[in-house]
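>>> Fold the stuff below for me.
(chains A and B)
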Amino acid sequence: AQKVTQAQTEISVVEKEDVTLDCVYETRDTTYYLFWYKQPPSGELVFLIRRNSFDEQNEISGRYSWNFQKSTSSFNFTITASQVVDSAVYFCALSEARDYGQNFVFGPGTRLSVLP
Amino acid sequence: AAGVIQSPRHLIKEKRETATLKCYPIPRHDTVYWYQQGPGQDPQFLISFYEKMQSDKGSIPDRFSAQQFSDYHSELNMSSLELGDSALYFCASSFSGLGYNEQFFGPGTRLTVL
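Here you go, the predicted structure:
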């Protein structure tokens, strides 16, 4: 069975601090996809990144970076120089690699509060 | 670019009433998913359809049913509503021909049951 764990329920940081959100996953599949979504107070799910299981390269996009380590089944997300607008709930999600119809399994989410 | 459209965006119902949520996928997308997100919870998968056939089923109550129509839009029908059905309902769509699973989420329908 698939499972995603986000051990940090809530994190508070002061603006300009760096913050890392942890994600640990479980799956029996050798091919799978990992995702991060941001859910601001308005409620929509904003796509941040997709990573497939064969691509362990870290990725950087502006102030965001992701560290994928298959050996520890982790896909951590770091925000550098955090801003108040980064305040949101962040979900890590896992999906099997199937042709169609494969649902996402979400982690419980981490609520990030960035204080001015 | 066109996104997933959900209607209505907000819905208020009384207990034991019926509700219908609609989802219009991105053009050319052949797969639709429904998720339920309770207050303070993560989205939970309910059901999915590929080419108008049910492809996977999650924790969808028996009081709920869904279908995908010939134009690929989908409807989630919810009967005998309970207070616990109050949640944000997301629809997502994807295109199977991509070779990987990338789901595009709609803005959600916020259902409140009084």
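>>> Contacts for the helix or strand bottoming out on mean pLDDT in chain A, please.
Sorting the helices and strands of chain A by mean pLDDT, DSSP states H and E puts strand A:59-61 at the bottom, at a mean of 86. Strand A:59-61 is contacted by residues A:49, A:51, A:65, A:66 when judged by C-beta atoms under 8 Å, 6 or more residues apart in numbering or on different chains. (C-beta placed from N, C-alpha, C; glycine too.)
>>> which bits of chain A sit near chain B?
Neighbours of chain B within chain A, by C-beta under 8 Å from any C-beta of the partner chain: A:33, A:37, A:43-45, A:47, A:50, A:52, A:91, A:95-109.
>>> mind redoing it with 7 Å?
Proximity of chain A to chain B (C-beta under 7 Å from any C-beta of the partner chain) is limited to residues A:33, A:43-45, A:50, A:52, A:91, A:95, A:97-104, A:106-109.
>>> Most proximal residue of chain B with respect to chain A?
Nearest residue of chain B to chain A: residue B:55, at 2.9 Å (C-beta to the nearest C-beta).
>>> Three-state assignment for that residue, please.
Applying DSSP: H, G, I helix; E, B strand; the rest coil to residue B:55 yields a three-state assignment of strand.
>>> Now for residue 113: which residues touch it?
All of this refers to chain A. Shown in contact with residue A:113 (C-beta atoms under 7 Å, 6 or more residues apart in numbering or on different chains): A:12, A:87.
>>> meant chain B actually
Residues near residue B:113 by C-beta under 7 Å, 6+ apart: B:13, B:15, B:81, B:82, B:83, B:85, B:86.
>>> ok, how many other residues are close to residue 54?
Just going to use chain A. 10 (other C-beta atoms under 10 Å in any protein chain shown).
>>> Wait, chain B was what I had in mind.
Around residue B:54 there are 13 residues (other C-beta under 10 Å).
>>> Then residue A:65?
As a burial measure, residue A:65 scores 17 neighbours (other C-beta under 10 Å).
>>> where's it, which helix or strand?
For residue A:65, the enclosing helix or strand under DSSP states H and E is strand A:64-69.
>>> Please name the residues that touch the spatially most central residue of chain B.
Geometric centre of chain B, nearest residue: residue B:34, 3.2 Å, by C-alpha atoms, centre = their mean. By C-beta under 7 Å, 6+ apart, the contact set of residue B:34 is B:46, B:47, B:66, B:76, B:89, B:91.
>>> which of those tops the neighbour count?
residue B:91 (30 neighbours).
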